[in-house]
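Asker: predicted structure and sequence below. I'll ask about it afterward.
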Amino acid sequence: MKPPLTNDQLIMMIDWLNGIKHEIKEVYIKSATGLMLELFMNRFQRSIEKLEVQDQYIKCEGINYKRLNFEIKNSFSSYSSWYTLDFLFSMDTKRIDIDCSKFLEEDINMFLRSWQEGKTNRNLNQMDMITVGERDMRKVLKDCEGVLMDPRTTKFEVFEQKNIYSSFFSPREPNKWIHGGIHIRRNDGRLAVIDNSKYWTVNEHVSEKQIEKYEITREIWNSEDDTWFESWFHIYFF
């Protein structure tokens, strides 16, 4: 969706996509203006497996698309911050990957609390988010009743979601082990593990960097005065 494509041409293309009988598995948007993206989001009506918006420079001023108007079954990813919190709430995909996020502590907290209360994103298995600037973790976790876990005694094997159409990867190929993290529970008992560490392993053995990160975090966790900021949010749902 790159100029000089006109709005009328884009409408014709979207209407054609809505009308074809073949399954549409993936929509990949490499470049678009904000108004073109808004037009696509508001007019497209097909159920798809994956939506990826790669453009890092989409301007979202004056754009109105708070809710998703079509189904994304498997994954949503974006490299720019045009989306809103309500937009993420409106999807029930399995995976969300968002980079350059401008979400503040209150936004992330609202996302976690809404999931905990079973209101939104009930089928989510994994969320990777990198924020523009660091966020105060005490505000992020406010009222979530999070528990900081020791990486030496707590571990989970994560099966990374590969490209489901690739023949090079098995869908059950083990990818990484998550050690420790912050545990929060949904009202039905389902577990979310928030991993702020950039260190993970491909086996069961915890690394020294993970232990060091945990010990530093534990000191701050047990202190009422120390501040604790993070920009990497890897959240796994079990």
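Answerer: Noted; the coordinates are in hand.
Asker: need the CA coordinates for the helix or strand hosting residue 111. PDB is fine.
Answerer: Using DSSP states H and E, residue 111 maps to helix 105-116. What follows is helix 105-116, C-alpha atoms only, in PDB (Å, rounded to 0.1, in the frame of the first residue of the first chain):
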ATOM      1  CA  GLU A 105       3.000   2.100  32.500                       C
ATOM      2  CA  GLU A 106      -0.700   2.600  33.000                       C
ATOM      3  CA  ASP A 107      -1.400   1.200  29.500                       C
ATOM      4  CA  ILE A 108       0.600  -2.000  30.100                       C
ATOM      5  CA  ASN A 109      -1.000  -2.300  33.600                       C
ATOM      6  CA  MET A 110      -4.400  -2.000  32.000                       C
ATOM      7  CA  PHE A 111      -3.600  -4.700  29.500                       C
ATOM      8  CA  LEU A 112      -2.400  -7.100  32.200                       C
ATOM      9  CA  ARG A 113      -5.400  -6.400  34.500                       C
ATOM     10  CA  SER A 114      -7.900  -6.900  31.700                       C
ATOM     11  CA  TRP A 115      -6.300 -10.200  30.800                       C
ATOM     12  CA  GLN A 116      -6.300 -11.200  34.500                       C
END
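Asker: compute the inter-axis angle for the helix or strand just after it and helix 105-116.
Answerer: Note on helix 105-116: by DSSP H and E, the next helix or strand toward the C-terminus is strand 126-136. On the basis of axes from the mean of the first three to the mean of the last three CA atoms, to 10 degrees, strand 126-136 is oriented at 140 degrees to helix 105-116.
Asker: so which strand or helix has the residue lying closest to residue 112 once chain neighbours are set aside?
Answerer: Closest residue to residue 112 apart from its sequence neighbours, by CB to CB, 6 or more residues apart in numbering: residue 144 at 5.5 Å. For the C-beta atoms, the positions are set from N, CA and C on the backbone; glycine is no exception. Assigned by DSSP H and E, residue 144 falls within no helix or strand.
Asker: look up how far residue 123 lies from residue 144.
Answerer: Separation of residue 144 from residue 123 (CB to CB, to the nearest Å) stands at 20 Å.
Asker: circling back to that earlier point, surely the residue nearest to residue 112 touches residue 110?
Answerer: No - judged on CB atoms under 8 Å, residue 144 makes no contact with residue 110 at a distance of 10.7 Å.
Asker: compare neighbour counts for those two and give me the winner.
Answerer: Neighbours were counted for residue 144 and for residue 110 using other CB atoms under 10 Å; residue 144 has more, 18 against 15.
Asker: which residues does the more buried one contact?
Answerer: Listed by CB atoms under 8 Å, 6 or more residues apart in numbering, the contact set of residue 144 reads 109, 112, 113, 116, 184.
Asker: how about residue 117?
Answerer: Contacts for residue 117 (CB under 8 Å, 6+ apart) come out as 186, 187.
Asker: distance of it from residue 66?
Answerer: Residue 117 is 20 Å from residue 66, where distance means CB to CB.
Asker: now residue 47
Answerer: Distance from residue 47 to residue 66, counting by CB to CB: 20 Å.
Asker: kindly report the same for residue 44.
Answerer: Residue 44 is 16 Å from residue 66, by CB to CB.
Asker: if you count surrounding residues, which of the two has more?
Answerer: Between residue 44 and residue 66, residue 44 has the larger neighbour count (other CB under 10 Å), namely 19 against 13.
Asker: list the residues that contact that one.
Answerer: Going by CB under 8 Å, 6+ apart, residue 44 touches 14, 17, 18, 27, 69, 70.
Asker: what's the closest of those to residue 97?
Answerer: Residue 97 lies nearest to residue 27 out of the contacts of residue 44, by CB to CB, at 14.9 Å.
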